[in-house]
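[1] Here is the input, now give the coordinates:
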Amino acid sequence: QVQLVESGGGLVQAGSSLRLSCAASGRTFSRYAMGWFRQAPGKEREFVATINWNGDSTHYTEAVKGRFTISRDNAKNTVYLQMNSLKPEDTAVYYCAAAPFFARNYTLVGAWSYWGKGTLVTVSS
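    Next up is the predicted model:
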């Protein structure tokens, strides 16, 4: 069992930066693939970024490439999402997700086993 708690969300202006954190419980965190998803009001939850167990493989949705960076610190059981050059369309609740292996269909919600409760990011224009 893995429990995930996100933090770091807030209200910022367009062009600003935020760093989200996801603290995970469990001794097997370092073996898990981790991901970030987001859900805007009235929209479905969508994939943002993922990182494999040791951090040497990452993937991003096209909309955030070059602006967002996912990273992890296995010693701290934490995964991060550094978000730069934020845009109003980045406004959403951001969710952390974990899976015991790196699935090929990592962009799908169903590929992930554990979820946090989310943290709200609001970007004003």
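[2] hey, let's count contacts and neighbours off CA atoms from now on
    Noted.
[3] Endpoints of stretch 109-125, how far apart?
    29 Å (C-alpha to C-alpha, to the nearest Å).
[4] scratch that, stretch 18-29
    In terms of C-alpha to C-alpha, the two terminal residues of stretch 18-29 are separated by 24 Å.
[5] mean confidence for that stretch?
    The predicted model assigns stretch 18-29 a mean pLDDT of 91.
[6] Where does the residue most central in space within the chain sit, in terms of helix or strand?
    Nearest residue to the geometric centre of the chain (C-alpha atoms, centre = their mean): W36, 2.1 Å. Assigned by DSSP states H and E, W36 belongs to strand 33-39.
[7] So what touches that strand?
    Counting by C-alpha atoms under 8 Å, 6 or more residues apart in numbering, strand 33-39 makes contact with 45-53, 79, 81, 92-102, all of which sit outside it.
[8] Quick check: beta-bridge partners of the residue nearest to the centre of the chain?
    Residues in a beta bridge with W36, per DSSP bridges, are A49, C96.
[9] can you pull out the strands in the chain?
    Ranges of strands in the chain, per DSSP state E, are 4-7, 10-13, 18-24, 33-39, 46-51, 58-60, 68-73, 78-83, 92-99, 114-115, 119-124.
[10] and the third one, how far out from the chain's middle?
    Okay, so that is strand 18-24. Between the centre of strand 18-24 and the centre of its chain there are 8 Å (C-alpha atoms, centre = their mean, to the nearest Å).
[11] swap in the first one?
    When distances are taken as C-alpha atoms, centre = their mean, strand 4-7 is centred 10 Å away from the chain's centroid.
[12] count of residues packed around V5?
    Around V5 sit 18 other residues, with neighbours defined as other C-alpha atoms under 10 Å.
[13] just the one 5 residues further on next, same as before
    In terms of burial, G10 registers 14 neighbours under the definition other C-alpha under 10 Å.
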